[in-house]
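# predicted model and sequence below, questions to follow.
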Amino acid sequence: MPLLRQRRFPRARRSVGAAREFAVETLLEWGCHDRQEDIRLCVSELATNAVLHGVPPGREFLLTLTGDGTSIRVEVRDSGGGVPVVEAGGLDECGGRGLLLVRALADDFGVTSHNPGKTVWTVFKSVLGGALES
């Protein structure tokens, strides 16, 4: 049976840490320890992008984690416009490389457009083993 956990977060900087904490708590509850730091970092990057670029003032973003026994899927949905672009960025720049990291760490990555908004998603394979057989 697939596992699913979701939580909404307000457009606030503190939401990035709260999203990371929610993701790690979920992974621990599911018995998932493999690649936990990769998932944590990707949640942090996607939540940061949602807060800085995707969530209009007064709105929230939605973090969803699903597990199917062979992978974890992380989704961050917001109601903002635009489509995220993966850019290499210069070595002397302070930002702009978050999605590059996400794409490098995850086994799959993409963006699904909605009206309004979008969902940025990642997939991490072979992280659950037999931990979710209950």
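Sure, I can see it. These numbers come from a predicted model, not from an experiment.

# where in the chain is pLDDT low?
1, 88-96, 127-134 (pLDDT under 70).

# contacts only, for the spatially most central residue of it.
Central residue of the chain (Cα atoms, centre = their mean): V43, 3.6 Å from the mean position. Going by Cβ atoms under 8 Å, 6 or more residues apart in numbering, V43 touches 19-20, 23, 63, 74, 76. Heads up, the C-betas are built off the backbone N, CA and C, glycines and all.

# as TSV, these with neighbour count would be great.
Converted to TSV, those look like this (neighbours: other Cβ atoms under 10 Å):
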residue	neighbour count
A19	24
R20	19
A23	24
L63	25
V74	25
V76	26
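
# and these, which is closest to V85?
Nearest to V85 among those: V76, at 15.7 Å, using Cβ to Cβ.

# who does the closest one bridge with?
Beta bridges link V76 to L63, V120, judged by DSSP bridges.

# about what we covered before: for the residue nearest to the centre of the chain, phi and psi?
Per-residue torsions, V43: phi -60, psi -40 (degrees, to the nearest 10).

# not counting sequence-adjacent ones, nearest residue to it?
Closest residue to V43 apart from its sequence neighbours, by Cβ to Cβ, 6 or more residues apart in numbering: A23 at 4.3 Å.

# and E45, by the same measure?
Closest to E45 by Cβ to Cβ, 6+ apart is G98, at 3.9 Å.

# ok, T26 - how many residues close by?
Using other Cβ atoms under 10 Å as the criterion, T26 is surrounded by 23 other residues.

# contacting residues for it?
Neighbour list for T26: 5, 65 [criterion: Cβ under 8 Å, 6+ apart].

# how does it look with 10 Å?
For T26, the contact set (Cβ atoms under 10 Å, 6 or more residues apart in numbering) comprises 3-7, 32, 39, 43, 63, 65-67, 72, 74.

# correct me if wrong: V120 contacts R77.
Yes - with contact defined as Cβ atoms under 10 Å, V120 and R77 form a contacting pair (8.0 Å).

# hey, what's in contact with both of these two?
46, 50, 54, 61, 112.

# can those residues go into JSON lines with extra columns for secondary structure, neighbour count and distance to S126?
Shown next, in JSON lines, are the shared contacts of V120 and R77 (DSSP: H, G, I helix; E, B strand; the rest coil; neighbours: other Cβ atoms under 10 Å; distance: Cβ to Cβ, whole Å):
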{"residue": "L46", "secondary structure": "helix", "neighbour count": "30", "distance to S126": "21"}
{"residue": "A50", "secondary structure": "helix", "neighbour count": "29", "distance to S126": "27"}
{"residue": "G54", "secondary structure": "helix", "neighbour count": "24", "distance to S126": "29"}
{"residue": "F61", "secondary structure": "strand", "neighbour count": "26", "distance to S126": "27"}
{"residue": "T112", "secondary structure": "strand", "neighbour count": "12", "distance to S126": "23"}
